[in-house]
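Trainee: Below: sequence and its predicted model.
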Amino acid sequence: MRLLRIVDCDERPSMGYVYEGMYRVRLGIKKLFNYNKRLYKPYTEIIKQRWDQQLKKSIHSATYWLNPCFQYDEENFCNKPNVIGGVMDVIDQKVLKGKLETMNEMKLFRDRLGSFGRELAYSSREVLQPDEWWRLHGYSAPHLQKLAILILSQTASSSGCERNWSVFERIHTKRRNRLEHQRLNDLVYVHYNLRLKNRFYNKKRIYDPIDYACIDETDFWVVDDDQPAELDVEELENLLYEEGSIPINEMEGSSSHIDDEDGGDVAIEGLDVENFGFPNAHVQSPYSNFQNE
């Protein structure tokens, strides 16, 4: 559960923690069953198969190797061939010029030579985000520095890009496919800003990708604090349009008014048919000046 939250975080780069996180997840399951192979094997096999067949990519191995937090942890660092192989794959794919120089600079980073040998570079490896660490301490290896910043600054999930679309799809359902364009935009705008506001108040719930040490701590029950409820579509409409107000009618021929699949008309809530079409009937949204938080 903790690993999923780290991976799904869209505020801080988490790509450099996925590989180590998967290892810690399996280790946590083994601890839960007191290392009884007969008990933990079915669960770890499911995770391993899903990881090997669908999730494992060269970029996960490369970001693990380039993460100073793990590279300089000599006791626990994984030196399996697939890890260094992932770095080579990424160099082949991402580096257009200077591949040999990039490969030679890997030795400087691994052996803590040049700018990597500073005591400040070593002591800040667990404090700074990996991409920021490379910006500050990677100047002795400019080719490798450029690659490391490129891949370590990535998030591991695109869910943050999908949230605005999910709000739109939630509002623009078959039942409400006659909402005129401006009203639909207002609903999406207000709803998304409410989410941003809730996110601001719940910053303490965001998992810092640097705090990877708790991933293998397994609890039987996952209990979270109650999140403040978001307004549903009905409540949003009541806020946007006062009772008796009339939405703006779209121009004739507009594609915003669509009949349902059965060919029948879909009623528009809040529409006064007797006064439909009269000017000045639309009341400005009280949330028109709602600022993005």
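Mentor: Cool, the structure landed. Numbers count the residues shown, from 1 in each chain.

Trainee: now this structure, which segments are flagged as low pLDDT?
Mentor: Residue ranges of the chain with pLDDT under 70: 1-12, 54, 156-181, 184, 192, 195-196, 199-293.

Trainee: Domains in it, by residue range?
Mentor: For the chain, automatic domain parsing gives the domain ranges 2-152, 160-275.

Trainee: where do the strands sit along the stretch 51-200 of the chain?
Mentor: With DSSP state E, counting those that start in this stretch, there are no strands along the stretch 51-200 of the chain.

Trainee: can you give me the helices for it?
Mentor: For the stretch 51-200 of the chain, the helices defined by DSSP state H, counting those that start in this stretch cover 58-66, 68-71, 81-94, 99-110, 119-123, 130-137, 142-152, 159-171, 181-201.

Trainee: how about those in JSON lines, adding mean neighbour count?
Mentor: C-beta here means a position set from N, CA and C on the backbone, and glycine is covered the same way. Shown next, in JSON lines, are the helices of the stretch 51-200 of the chain (neighbours: other CB atoms under 10 Å):
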{"stretch": "helix 58-66", "mean neighbour count": "25"}
{"stretch": "helix 68-71", "mean neighbour count": "20"}
{"stretch": "helix 81-94", "mean neighbour count": "16"}
{"stretch": "helix 99-110", "mean neighbour count": "16"}
{"stretch": "helix 119-123", "mean neighbour count": "12"}
{"stretch": "helix 130-137", "mean neighbour count": "20"}
{"stretch": "helix 142-152", "mean neighbour count": "20"}
{"stretch": "helix 159-171", "mean neighbour count": "14"}
{"stretch": "helix 181-201", "mean neighbour count": "16"}
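
Trainee: Any chance of CSV for those helices, columns distance to Met22?
Mentor: Below are the helices of the stretch 51-200 of the chain laid out as CSV (distance: least, CB to CB, whole Å):
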stretch, distance to Met22
helix 58-66, 8
helix 68-71, 13
helix 81-94, 13
helix 99-110, 22
helix 119-123, 26
helix 130-137, 17
helix 142-152, 17
helix 159-171, 18
helix 181-201, 27
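
Trainee: So which of the ones you listed is nearest Arg50?
Mentor: Using CB to CB as the measure, helix 58-66 is the one of those that comes nearest Arg50, at 13.5 Å.

Trainee: Residues touching the closest one, excluding its own?
Mentor: Helix 58-66 is contacted from outside by 15-16, 18-20, 70-71, 78, 82-87, 89-90, 93, 109, 130, 134, 144, 147-148, 151-152, 154, using CB atoms under 8 Å, 6 or more residues apart in numbering.

Trainee: and with 7 Å instead?
Mentor: Helix 58-66 is contacted from outside by 15-16, 18-20, 70-71, 82-84, 86-87, 89-90, 148, 151-152, using CB atoms under 7 Å, 6 or more residues apart in numbering.

Trainee: circling back to that earlier point, for Ile47, which of the helices of the stretch 51-200 of the chain is the nearest?
Mentor: Comparing those by their distance to Ile47 (CB to CB), the top pick is helix 58-66, with 14.2 Å.

Trainee: Determine the angle, from 0 to 180 degrees, between that closest one and helix 142-152.
Mentor: Angle between the axes of helix 58-66 and helix 142-152 is 120 degrees (criterion: axes from the mean of the first three to the mean of the last three CA atoms, to 10 degrees).

Trainee: As PDB, could you dump the C-alpha coordinates of helix 58-66?
Mentor: What follows is helix 58-66, C-alpha atoms only, in PDB (Å, rounded to 0.1, in the frame of the first residue of the first chain):
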ATOM      1  CA  SER A  58      15.200  -0.900 -18.000                       C
ATOM      2  CA  ILE A  59      14.500   2.500 -16.600                       C
ATOM      3  CA  HIS A  60      13.600   1.100 -13.200                       C
ATOM      4  CA  SER A  61      17.000  -0.600 -13.000                       C
ATOM      5  CA  ALA A  62      18.800   2.400 -14.300                       C
ATOM      6  CA  THR A  63      17.200   4.900 -11.900                       C
ATOM      7  CA  TYR A  64      18.000   2.500  -9.000                       C
ATOM      8  CA  TRP A  65      21.700   2.300 -10.000                       C
ATOM      9  CA  LEU A  66      21.900   6.100 -10.500                       C
END
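
Trainee: the inter-axis angle of that helix versus helix 130-137?
Mentor: Relative orientation of helix 58-66 and helix 130-137, computed by the same axes, to 10 degrees: 50 degrees.

Trainee: Helix 58-66 to helix 81-94, inter-axis angle?
Mentor: Going by the same axes, to 10 degrees, helix 58-66 makes 110 degrees with helix 81-94.
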